[in-house]
Every structure is written in structure tokens, then in C-alpha cells.
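Novice: Below is the structure, and that's it, no one-letter string:
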């Protein structure tokens, strides 16, 4: 009876595997009843929407049921710690921004995890960050130069929020202050969603975070994005200038990546990657990501490991140069 049930489960899975181009050997492995994708931030942000789209696509294939679990706290650290302590059998994945792995080990003196506590699986998307202002800033502030001049004239209101202390958006804000000579107070949040809500309510003057989190409010003219972190123009915010175009050498792109617990086997990582890569290449997933300012893409586990290693080396040089910490 057990052998017959296994045969039926395998037979039922063959069309899915063939349609997606997945190796049949991957499908031959046991399919867990439940698998989770963790994120270290609250629902509603760009990370969350990508995780949920991918979970929908993997449901019934990678696992009988796929759910997304938001584990906000400590600027994304709780998500990684939860992954670290999870079963390494492939039933728990994490989708995280690169900051938590490439910058945090350099900016938090007592970080509770290391790069070896996660195993790279596949790249998920590239994102750019932007500095936006809302009703807490006069309508006459139209450009980044205007905002810096206003901040200098109003030091008690010269501030910016970010998705978390030590994150890439936090670093961008610190660099902007150093290059411009304008002191900007940093206000950390537990993700972009609560920060953007405070920006909309006028509780903070500006916010630096993923540009996708601004798009609905830019369309309704509730927020104004003054500068973006990309090297060139963004298709998501045409007409918005880069930081570099204003004379501030800030040109950085962040990525979102999928990871397993560090103790997961190479075979488990290969299986997860074999499912994720074709899903992230599907045109409807790519188009869905564009609605939220995400350039959805993917990679092998080895390519993601190489990317992470290169990022750590890059940030080591920059952070040492400017003396940036999570408390900056």
C-alpha cells in the first residue's frame, strides 16, 4: 500500500516536473507536506510580495503546501536567526536582502549569526533604493538639492528613516550626509512599510528604502522621490535623477536572495535551486515583480555564493573607510 501511494505521488508529479524543466531526480526525492519561506520584515513590502508570489508557484511542486512567514525584528536579523535554527531538510527557506549578510557582519559588533549559518540557493531580484519626501516637507522642495538646503535651514527636522539600522538604505543616508555636509538624523524602522506610513503621515521628513515601496504613492502624488541609488535612470521611476547626477558618488544596487540553513546538504540546496530558478524566470513572475520595482532574476547556488563573497569584500573596504556602524 505504501509503495503504491509513493508510485501515485511520483506519477502525479511528473507533468509538473516536465512542464517546468526540472530534473526528474529532484522530483523523486520526498516532497514535504509543508514548506516555509521566511522573511525578516513585515507583510506588504517588496520582499514580502516576491516571497508570496514564489510560494504560490512552488505550492504543490516543491512541497504540498507553501507558506510565507514574516519574522520581523532587529532589522531583518530575526529572520536569519530563525532560519539558522530551522531543520536543514529543505522545508525552510529564507528570502532576504543582501544587507543582512554582506553589511551587518561589518556593522553590528554582537551579531548572532555569520555567513556560514546560511547556504545560498538562488538569487531572487535586484532592487534600487531611493530617497523620498512626503507632507512633512514643503511642496517647494522638488529636488535633492532643495531638500538638503531645507534640511540645513531646519536642523530639527533634518531626518531620514530606513528599513533598519545597518541596512543599505541606512548607509546611503549616512553617505549622503557625509558627502553633502548636511547632518541628517537617522530613524530606524522594522521594515519599509511602517517607515513609509510615517512618511505619508508627516512624522518623518524623508525615507530611504526600496523604490518599489514608493510606487503607489508616487502615482497618487503623495510622495516625491528625489534621488535613486542606481547607476543610471530607472524604468520604474523615469525622470528621477540618481544621487551621482547631483554630484554625490552613491551608486549601489541591492539584491534579494534565497537561502537554506547553513547545515543543509549540497543535494538539498541543488534541489531547492532546481525549483526556484525556472519559477523566477517565468515571464509572469518577472512582470509581477516589475509592478513593485523589482528586477526579478535568478542564479545558481554557486553564483549567489560568489556574489555574496564579492559584496562582503566591497563593503569591507567602504565601511572601514567611512567608519559606518549600525548606530551611526
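Specialist: In hand now; what should we look at? Bear in mind the structure is a predicted one, so any value in this text is a computation, not a measurement.
Novice: Now do the lengthiest helix in the chain, average pLDDT.
Specialist: Counting residues, the longest helix found in the chain (DSSP state H) is helix 301-322. For helix 301-322, mean pLDDT rounds to 92.
Novice: Can you list the buried residues in that helix?
Specialist: Under the neighbour-count criterion of 16 or more other C-beta atoms under 10 Å, helix 301-322 has 301, 304-305, 307-308, 311-312, 315, 319 buried. Just so you know, the C-beta spots here come from the backbone N, C-alpha and C atoms, and that holds for glycine as well.
Novice: from those, which is closest to residue 231?
Specialist: residue 311 (16.0 Å; C-beta to C-beta).
Novice: what's the closest non-adjacent residue to that closest one?
Specialist: residue 102 (3.8 Å; C-beta to C-beta, 6 or more residues apart in numbering).
Novice: Looks like that neighbour contacts residue 313 (just checking).
Specialist: No: between residue 102 and residue 313 there is no contact under C-beta atoms under 8 Å: 9.1 Å.
Novice: between the buried residues of helix 301-322, which is nearest residue 187?
Specialist: Using C-beta to C-beta, the buried residues of helix 301-322 come closest to residue 187 at residue 319, 20.7 Å.
Novice: Chain neighbours aside, what residue packs nearest to the closest one?
Specialist: Residue 319 sits nearest to residue 106 (C-beta to C-beta, 6+ apart), 4.9 Å away.
Novice: Packing partners of the longest helix of the chain?
Specialist: helix 99-102, helix 104-107, strand 118-127, helix 168-180, strand 254-261, helix 266-281 (3 or more C-beta pairs under 8 Å, 6 or more residues apart in numbering; DSSP states H and E).
Novice: ok and it relative to helix 168-180, angle-wise?
Specialist: 30 degrees (axes from the mean of the first three to the mean of the last three C-alpha atoms, to 10 degrees).
Novice: Pull the distance from helix 301-322 to the chain's centre.
Specialist: On the basis of C-alpha atoms, centre = their mean, to the nearest Å, helix 301-322 sits 16 Å off its chain's mean C-alpha point.
Novice: which among the buried residues of helix 301-322 gets closest to residue 277?
Specialist: residue 301 (9.5 Å).
Novice: how about the helices and strands packed on helix 301-322, which one is nearest residue 248?
Specialist: Here helix 168-180 is closest among those (C-beta to C-beta), at 4.4 Å.
Novice: quick one: contacts of that closest one?
Specialist: 97-99, 103, 129, 131, 148, 160, 162-164, 182-184, 186, 188, 208-210, 229, 243, 247-250, 252, 254, 319, 322, 324, 326, 328 (C-beta atoms under 8 Å, 6 or more residues apart in numbering).
Novice: Take those residues and keep only those in strands.
Specialist: Residues of the contacts of helix 168-180 located in strands (DSSP state E): 97, 129, 131, 160, 162, 186, 188, 208-210, 254.
Novice: which one of those residues is nearest residue 272?
Specialist: residue 97 (18.9 Å).
Novice: So what's the residue count around that closest one?
Specialist: 29 (other C-beta atoms under 10 Å).
Novice: Go ahead and confirm it touches residue 48.
Specialist: No: with contact defined as C-beta under 8 Å, residue 97 does not count as touching residue 48 (11.7 Å).
Novice: can you put the buried residues of helix 301-322 in TSV and add distance to residue 236?
Specialist: Formatted as TSV, the buried residues of helix 301-322 follow (distance: C-beta to C-beta, whole Å):
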residue	distance to residue 236
301	28
304	23
305	28
307	22
308	25
311	22
312	27
315	25
319	28
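Novice: Could you work out the most separated pair of the residues you listed?
Specialist: Spanning the widest gap among those are 301 and 319, at 26.4 Å by C-beta to C-beta.
Novice: so what's the residue nearest to residue 319 up against?
Specialist: 312, 315-316, 319 are the contacts of residue 106 under C-beta under 8 Å, 6+ apart.
Novice: from those residues, which is closest to residue 124?
Specialist: So of the contacts of residue 106, ranked by how close each gets to residue 124 (C-beta to C-beta), first place is residue 312, at 18.4 Å.
Novice: Quick check: closest non-adjacent residue to that closest one.
Specialist: residue 102 (5.0 Å).
Novice: What residue spans form the domains of this protein?
Specialist: Here the domain parsing of the chain from automatic domain parsing is 31-126+254-322, 129-246.
Novice: Please tell me how far the last one is from the chain's geometric centre.
Specialist: This points to domain 129-246. 18 Å.
Novice: Which one of the helices and strands packed on helix 301-322 lies nearest to residue 56?
Specialist: Across the helices and strands packed on helix 301-322, closest to residue 56 is helix 266-281 (C-beta to C-beta), at 9.5 Å.
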